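**Student:** return atomic coordinates for the entry below.
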Amino acid sequence: MITTAPPAPEEQDFVISSLSPSKAQKRLALGVVLVLFVAFFITAGFLSSIQLARIDAFVPLYAAAMFVTDSITAVLLFAQFSILRSRALLVIANGYLFTALVLISWLLSFPGVFAPSGLLGAGPKSTNWLYIVWHAGFTMFVIAYALLKDADPAKRLWQGSAGAAILSSVAMTAAVVCVATFLVTAYDPLLPPLMLDTIRLPAWYYAAGSMMLLSVVALMVLWVRWRSVLDLWLMVVMCAYVVEISFPRFSFGWYVGRLFGLLSSSLVLFVLLYEITILYGQLLRAVSAQRREREARLMTGDAVSASIAHEIKQPLVGIITNADAGVRWLDRTTPDLDKAKASLKQIMHDGHRAGAIIEGIRAIFKKDAGNRTSLDINELIGESLAVVRDELEKHHVSVQAELHEQLPRVKGDRVQVQQVLLNLITNAIDSMAAKDGSRVLWVNSKVHDSDGIMVSVEDTGMGVEPKDIDRIFNPLFTTKSYGMGMGLSICRSIIEAHSGRLWVKPNKPEGAVFQFILPADTETSAGAS
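**Tutor:** Numbers count the residues shown, from 1 in each chain. Alright, predicted model coming up:
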């Protein structure tokens, strides 16, 4: 038996966590990195010895700006996680939340901002160690994001409640920040000294070098695994981290480093806001396109209504003609009863024909309509292949049928289910006839989850473009120059009216696979047992 996969999830092609960066975005990111490193080398070289005056308002303004940008970025990333359920997005969202929360502790402990030695019981080493916790912690979140985003789908996507995941992760991140703050402030005397006073930092350069090395590791992991716009800009953020952490406090380089930090904090936020603007524009264009499509469907609906009226009008005209003839046969001096009887029989025949046309239309759209009987799906497949035998031979298509012998029966309208099979097989033949190469049609049936059957129609034809997979079942949409775009739409309506599902996915290495599932006939199964 051939094992078939469930329909692939819809691709999320319009979010920065999966959208590939354009050439312009790559050039912009490279330009930002070059500017950062040029500014770093100038600052670390020619301007490194310049010591500026302490600006008391700078630290709280810087921390407030960082807190706002990191918090908004975290909220937007949490929102994307709630839609995409990507564990990697949840991790990086908590990374930005971690940074925002540590900033509060870092600001409160900063000497001279709210108290000469800082609040929270901070000691002379607390601020620097909180800075290390801040930068090393976020870098670890980035590494975790890079490792998770390409994991196995079963591990990459969150299966539970998105809200519960967000709330629990936020609580855990806040708890980690609280514990880290307590340890750094409460055990300040036990921490290794990094500075002699508020300006001289002899041991700080060793800590800065370690953080820079960790940022380089994160950059390398991202570089090996980068695929998306988010990966690209996180690499830029890591480059900014490398150049912002190696200057003495209140030096010219320290002030420039804070600006680098603010820039790195804002990069992903700017990209997210740009993405939202683009998506909003796409949404407006999509709404306009749907409005135009709806108007086109209304006009097409008039044509369909006219076609139905034409089909019903024919038997109605026959009824009127035969009724008129019957009246004339009976209106004679000597009525011709035999001919009048024949006219009445023809009227009855035309009436049944009109009723069949109406019931046929209703049966497609009403689940409880139609002539539902117990069906052998393998028998229907065999009959359908026999009907198209001439087309298969004409286009040199070889058939491989793999039909499960113990397939349960299904309950449905024989004509409608066979119409679906014929439509899918005919489309496969047309797709293969439009290209050169091997032409093989696979038709498979198998048991699905012990309570139904699955039928697959596979071909080696032109296939379905990824952009058309979600639209190919829409009414009036067609990829054929001569098609009306109603066949697959009607097929899906028939299958759904039978409480089933119909979908399409790419075939490997070429072609398409159309699959549908129908529930088993429980009454027949119960009787058989």
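**Student:** use CA for all of it now, contacts and neighbours both
**Tutor:** Will do.
**Student:** look at residue 124 and tell me its secondary structure.
**Tutor:** Using DSSP: H, G, I helix; E, B strand; the rest coil as the criterion, the local structure at residue 124 reads coil.
**Student:** now do the helices in the stretch 351-500 of the chain.
**Tutor:** Using DSSP state H, counting those that start in this stretch, the helices of the stretch 351-500 of the chain run over 377-387, 389-394, 414-433, 487-497.
**Student:** for the stretch 1-150 of the chain, which residues score under the pLDDT cut-off?
**Tutor:** 1-18, 43-52 (pLDDT under 70).
**Student:** can you map out the helices along it?
**Tutor:** 23-45, 58-84, 87-109, 126-148.
**Student:** could you list every helix and strand in contact with the first one?
**Tutor:** Applying 3 or more CA pairs under 8 Å, 6 or more residues apart in numbering; DSSP states H and E, one finds that helix 23-45 makes contact with helix 229-244, helix 252-330.
**Student:** between the ones you listed, which one is nearest to residue 142?
**Tutor:** Taking CA to CA as the measure, the helices and strands packed on helix 23-45 were each checked against residue 142, and helix 229-244 came out nearest at 7.7 Å.
**Student:** neighbouring contacts of that closest one?
**Tutor:** Under the criterion CA atoms under 8 Å, 6 or more residues apart in numbering, residues 16-21, 26, 29, 32-33, 36-37, 40, 135, 139, 142, 146, 211-212, 215-216, 218-219, 222-223, 226, 254, 256-258, 260-261, 263-265, 267-268 lie in contact with helix 229-244.
**Student:** how far does that helix sit from the chain's center?
**Tutor:** 26 Å (CA atoms, centre = their mean, to the nearest Å).
**Student:** next, the angle from it to helix 126-148.
**Tutor:** Taking axes from the mean of the first three to the mean of the last three CA atoms, to 10 degrees, one finds helix 229-244 and helix 126-148 inclined to each other by 150 degrees.
**Student:** measure how helix 229-244 sits relative to helix 23-45, angle-wise.
**Tutor:** Angle between the axes of helix 229-244 and helix 23-45 is 10 degrees (criterion: the same axes, to 10 degrees).
**Student:** show me what counts as buried in helix 229-244.
**Tutor:** If you call a residue buried by 16 or more other CA atoms under 10 Å, then helix 229-244 has these buried ones: 229-244.
**Student:** go on, stretch 439-459?
**Tutor:** Buried residues in stretch 439-459, counted by 16+ other CA under 10 Å: 439-448, 452-459.
**Student:** using PDB, list the CA coordinates for that stretch.
**Tutor:** What follows is stretch 439-459 as a C-alpha-only set of coordinates in PDB (Å, rounded to 0.1, in the frame of the first residue of the first chain):
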ATOM      1  CA  ARG A 439       2.800   9.800 -18.400                       C
ATOM      2  CA  VAL A 440       1.700   7.600 -15.500                       C
ATOM      3  CA  LEU A 441      -1.600   7.700 -13.800                       C
ATOM      4  CA  TRP A 442      -1.800   6.200 -10.300                       C
ATOM      5  CA  VAL A 443      -5.200   5.500  -8.700                       C
ATOM      6  CA  ASN A 444      -5.100   4.200  -5.200                       C
ATOM      7  CA  SER A 445      -7.600   3.400  -2.500                       C
ATOM      8  CA  LYS A 446      -7.000   2.600   1.100                       C
ATOM      9  CA  VAL A 447      -8.600   2.500   4.500                       C
ATOM     10  CA  HIS A 448      -8.500   5.800   6.300                       C
ATOM     11  CA  ASP A 449      -8.400   5.800  10.200                       C
ATOM     12  CA  SER A 450     -10.600   2.700  10.300                       C
ATOM     13  CA  ASP A 451     -13.800   4.700   9.700                       C
ATOM     14  CA  GLY A 452     -13.500   5.700   6.000                       C
ATOM     15  CA  ILE A 453     -11.700   5.400   2.700                       C
ATOM     16  CA  MET A 454      -9.100   7.600   1.000                       C
ATOM     17  CA  VAL A 455      -8.800   7.700  -2.800                       C
ATOM     18  CA  SER A 456      -5.700   9.200  -4.500                       C
ATOM     19  CA  VAL A 457      -5.400  10.200  -8.100                       C
ATOM     20  CA  GLU A 458      -1.800  11.000  -8.900                       C
ATOM     21  CA  ASP A 459      -0.200  12.100 -12.200                       C
END
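**Student:** and that stretch, how far out from the chain's middle?
**Tutor:** Averaged over its C-alpha atoms, stretch 439-459 has a centre that lies 26 Å from its chain's centre (CA atoms, centre = their mean).
**Student:** before we move on, the earlier item: to residue 58, which of the helices and strands packed on helix 23-45 lies closest?
**Tutor:** Between residue 58 and the helices and strands packed on helix 23-45, the shortest separation by CA to CA is 8.9 Å, and it involves helix 252-330.
**Student:** who wins for proximity to residue 404 among the helices of the stretch 1-150 of the chain?
**Tutor:** Evaluated with CA to CA, the helices of the stretch 1-150 of the chain place helix 58-84 nearest to residue 404, the distance being 36.9 Å.
**Student:** now the closest one against helix 87-109, angle please.
**Tutor:** Angle of helix 58-84 versus helix 87-109, following the same axes, to 10 degrees, is 160 degrees.
**Student:** list the helices and strands helix 58-84 packs on?
**Tutor:** The helices and strands touching helix 58-84, judged by 3+ CA pairs under 8 Å, 6+ apart, are helix 87-109, helix 162-186, helix 252-330.
**Student:** surely residue 59 and residue 107 touch.
**Tutor:** Yes: in this structure, residue 59 sits in contact with residue 107. The criterion is CA atoms under 8 Å, and the distance is 7.4 Å.
**Student:** the two: who's more crowded?
**Tutor:** Applying other CA atoms under 10 Å to residue 59 and residue 107 shows that residue 107 carries more neighbours, namely 21 against 17.
**Student:** which ones are touching the more buried one?
**Tutor:** 59, 60, 63, 113 are the contacts of residue 107 under CA under 8 Å, 6+ apart.
**Student:** any idea what the closest residue to residue 412 other than its chain neighbours is bridged to?
**Tutor:** If the residues on either side of it in the chain are set aside, residue 412 comes closest to residue 372, at 4.3 Å by CA to CA, 6 or more residues apart in numbering. Following DSSP bridges, residue 372 is listed with bridge partners residue 413.
**Student:** how far away is residue 372 from residue 521?
**Tutor:** Distance, residue 372 to residue 521, by CA to CA, to the nearest Å: 10 Å.
**Student:** joint contacts of these two?
**Tutor:** Common contacts of residue 372 and residue 521 (CA under 8 Å, 6+ apart): residue 411.
**Student:** where does pLDDT dip in the stretch 351-500 of the chain?
**Tutor:** 353-370, 450, 475-487.
**Student:** can you do 80?
**Tutor:** Screening the stretch 351-500 of the chain residue by residue with the criterion pLDDT under 80, one finds the ranges 351-372, 387, 390, 415, 419, 434-436, 449-451, 467-471, 473-490.
**Student:** out of the helices and strands packed on helix 23-45, nearest to residue 467?
**Tutor:** Between residue 467 and the helices and strands packed on helix 23-45, the shortest separation by CA to CA is 14.2 Å, and it involves helix 252-330.
**Student:** what mean pLDDT does that closest one get?
**Tutor:** Computed over helix 252-330, the mean pLDDT rounds to 70.
**Student:** start the count at 80, not 1, going forward
**Tutor:** Will do, 80 is the new start, and the previous item becomes helix 331-409.
**Student:** tell me the most buried of the helices and strands packed on helix 102-124?
**Tutor:** Highest mean neighbour count of the helices and strands packed on helix 102-124: helix 308-323, a mean of 23 (counted as mean count of other CA atoms under 10 Å).
**Student:** re the thing from before, would you list the helices and strands packed on helix 137-163 in JSON lines and tack on distance to residue 474?
**Tutor:** Written out in JSON lines, the entries for the helices and strands packed on helix 137-163 read as follows (distance: least, CA to CA, whole Å):
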{"stretch": "helix 166-188", "distance to residue 474": "49"}
{"stretch": "helix 241-265", "distance to residue 474": "51"}
{"stretch": "helix 331-409", "distance to residue 474": "32"}
